[in-house]
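Participant: Predicted model follows, preceded by the sequence.
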Amino acid sequence: MIDDEKKDAHKRMTKCVDVLRQNLLKIRTGRAHPSLLDHVKVDYYGTESPISQCANIVTEDARTLSITAWDRSMIQAIEKAIMTSDLGLNPSTAGTVIRIILPALTEERRKELVKVVRGEGEDARIAIRNVRRDSNQSLKEMLKEKMISEDESKRAEQDIQKLTDQFISEVDKLLEEKEKELMAV
């Protein structure tokens, strides 16, 4: 029972870190990367689909993304999806190829992005602490129902705390890497 609770806590904390990784990928660092457009959805014959499912996205150089639609009729829809996304990018179409030139980040914009990154990190820490709270609550319920002893409960709480510390340090490491990446000119 206690092992199941620990495994569940580990799995849920891992998910929290994975969500943080995904959210950090969305925050651009001035360099072009196809994953920048991962969360942009385009209306593909009545279905909201990621751009990567209806076009080929490649990095031409450090600041340029090139998108080649598989279906010529989708070019307008892809261009519109990029313009209406929260990325603030302006695509330019040349025939069947859409190019996105990423503007250079200003120092002020970099600092704003660092604040956004820190906010994402704090959200991840809170989610991890919530998992710890839920696990500890479950352990208290087991203790109350006399399913486990008090010593087992204390040991399990300590193990969950170690797990929490491990995942929070992983979050801190991810944030530090992203901040370095953002502040590099």
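Facilitator: The structure has been received and is ready for your questions. Residues are numbered from 1 along each chain as shown.
Participant: Quick check: longest helix in this structure by residues?
Facilitator: helix 107-144 (DSSP state H).
Participant: which strands and helices sit next to that helix?
Facilitator: Packing partners of helix 107-144 (3 or more Cβ pairs under 8 Å, 6 or more residues apart in numbering; DSSP states H and E): helix 2-26, helix 150-183. To be clear about C-beta, it is placed using only N, CA and C from the backbone, and glycine gets the same treatment.
Participant: could you redo those helices as a markdown table and give each row mean neighbour count, mean pLDDT and distance to Val97?
Facilitator: A markdown table is the format used below for these (neighbours: other Cβ atoms under 10 Å; pLDDT from 0 to 100; distance: least, Cβ to Cβ, whole Å):
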| stretch | mean neighbour count | mean pLDDT | distance to Val97 |
| --- | --- | --- | --- |
| helix 2-26 | 16 | 89 | 24 |
| helix 150-183 | 16 | 91 | 28 |
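Participant: among these, which is nearest Glu120?
Facilitator: Closest of these to Glu120 is helix 2-26, at 4.9 Å (criterion: Cβ to Cβ).
Participant: could you say what helices and strands the closest one packs with?
Facilitator: helix 107-144, helix 150-183.
Participant: what residues does it touch?
Facilitator: For helix 2-26, contacts defined as Cβ atoms under 8 Å, 6 or more residues apart in numbering pick out 33, 35-36, 38-39, 117, 120-121, 123-124, 127-128, 131-132, 134-135, 138-139, 142, 148, 152, 156, 159-160, 163-164, 167, 170-171, 174, 178.
Participant: can the helices and strands packed on helix 2-26 go into CSV with extra columns for distance to Asn23?
Facilitator: Below are the helices and strands packed on helix 2-26 laid out as CSV (distance: least, Cβ to Cβ, whole Å):
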stretch, distance to Asn23
helix 107-144, 5
helix 150-183, 10
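Participant: Give me the three-state assignment for the residue of the chain most remote from its centre.
Facilitator: Using Cα atoms, centre = their mean, the residue of the chain lying farthest from its centre is Lys146. It sits 40.3 Å away. With DSSP: H, G, I helix; E, B strand; the rest coil as the basis, Lys146 sits in coil.
Participant: and it, what are its phi and psi?
Facilitator: The phi and psi values for Lys146, taken as degrees, to the nearest 10, are phi 60, psi 30.
Participant: any idea how far Ser153 is from it?
Facilitator: Counting by Cβ to Cβ, to the nearest Å, the gap from Lys146 to Ser153 is 11 Å.
Participant: For those two, list the residues in contact with both.
Facilitator: By Cβ under 8 Å, 6+ apart, no residue touches both Lys146 and Ser153.
Participant: What is the burial count for Ala94?
Facilitator: 8 (other Cβ atoms under 10 Å).
Participant: what is it paired to in the beta sheet?
Facilitator: Ala94 forms beta bridges with Val97, as assigned by DSSP bridges.
Participant: Kindly reformat the helices and strands packed on helix 107-144 as TSV containing distance to Tyr44.
Facilitator: Listed next are the helices and strands packed on helix 107-144 as TSV, based on distance: least, Cβ to Cβ, whole Å:
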stretch	distance to Tyr44
helix 2-26	21
helix 150-183	31
